Each structure stands twice: as structure tokens, then as C-alpha cells.
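S.K.: Sequence and computational prediction follow.
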Amino acid sequence: MEPDDSPGYLLWRATLSWQRRITATLAPFSLTHVQFVLLASLWWLDREGVRPNQLTLAQHADTDVKMTSQVVRRLEDKGLLVRETDAADTRAKRLRITDTGRVLAQEAIAAVEAADTAFFSAVPDRDALLTTLRPLAGRRD
């Protein structure tokens, strides 16, 4: 078997190429990829009227809870979100995206979507691509 006949190897190479493109896309926003994912997730949850705690955000983004906590602190330091004590449970912190965070999230999401469109344009059937990727990503929808 040749490397180009190995789905795992090809997926690895495609992932690395895509990650480099996303890293370059996010550089002007001063966001790492994981910061972007968490900020975008918070923006999406906020848009749905959800004020998540860090655990809910980590579950939504499918990220490690401890790492999420560290990244949330960095996003808070940048003024992109605020951690507020939950009135129902003073041990918990609810996350609220700031106006600055909301604007940055929307701009970064648009840039990442454009980068995704350009990257995946090599695949002629977008619907088939999504149908293939969903089960690999653990999604059933």
C-alpha cells in the first residue's frame, strides 16, 4: 500500500494543511485556533440565548475542560468575554461575550468560513463532503 492509498495518512495531511490555513487566517485577529473555537462557540450559544458556564462551553466545543478554563481566562484578559458568578450557584461562573468579543467573533467566523470555502473547493460535492465528515466527527445530524 502506498501512502496516497491510506485514508488515515491522507486525512492527516489534509488536516495539517487546513490547520495551517486557519492559523494564517486567524493571525490578523490575534486569535489561536482554540481561542477562535471557544469564542465562536460562545457567540453561537449567546445568539441562542444561552449563558453557558465553562463546562457547557467545553462540551459545546468538544474541548478539554481544564484547557477551556485556561483559554477562557486569556479571552477574558483580551476583553472578549466576562466570567460572572452564577446567581443560582455561587461556585459556578457564567460566561458572557462582550460587545468587542461579539464583533471579533463575527469577523473571525466570516474569515474562517471564507478560508474553509477556498480550502474545500477542491472537493466538487460539498454535500457529500459534509455527509462523509459528520460521522467521522461523531455527529449524527
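M.R.: In hand now; what should we look at? Numbering: from 1, shown residues only.

S.K.: Pass me the low-pLDDT residue ranges in the chain, would you?
M.R.: When residues are selected by pLDDT under 70, those of the chain lie in 139-141.

S.K.: That one: helices as residue ranges?
M.R.: Taking DSSP state H, the helices of the chain run over residues 7-26, 33-47, 54-61, 65-77, 99-120, 126-136.

S.K.: by contact count, what packs against the first one?
M.R.: Based on contacts counted as 3 or more C-beta pairs under 8 Å, 6 or more residues apart in numbering; DSSP states H and E, the elements that helix 7-26 packs against are helix 33-47, helix 99-120. Yep, even glycine has a C-beta here, placed from its N, CA and C like the rest.

S.K.: try the last one
M.R.: In terms of contact count using 3+ C-beta pairs under 8 Å, 6+ apart, helix 126-136 is assigned no packing partners among helices or strands.

S.K.: going forward can the numbers begin at 92, since that is how I track them
M.R.: OK, 92 is where the count begins now, so the last one is helix 217-227.

S.K.: how far does it sit from the chain's center?
M.R.: 18 Å (C-alpha atoms, centre = their mean, to the nearest Å).

S.K.: Ok, the fifth one next?
M.R.: Between the centre of helix 190-211 and the centre of its host chain there is 10 Å, according to C-alpha atoms, centre = their mean.

S.K.: same thing with the second one?
M.R.: Here the centre of helix 124-138 is set off from its chain's centre by 6 Å, with C-alpha atoms, centre = their mean.

S.K.: Leu146: how many residues sit nearby?
M.R.: Residues within reach of Leu146, counting by other C-beta atoms under 10 Å, total 13.

S.K.: before we move on, the earlier item: please render the helices and strands packed on helix 98-117 as TSV that adds mean neighbour count to the earlier fields.
M.R.: Formatted as TSV, those follow (neighbours: other C-beta atoms under 10 Å):
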stretch	mean neighbour count
helix 124-138	20
helix 190-211	15
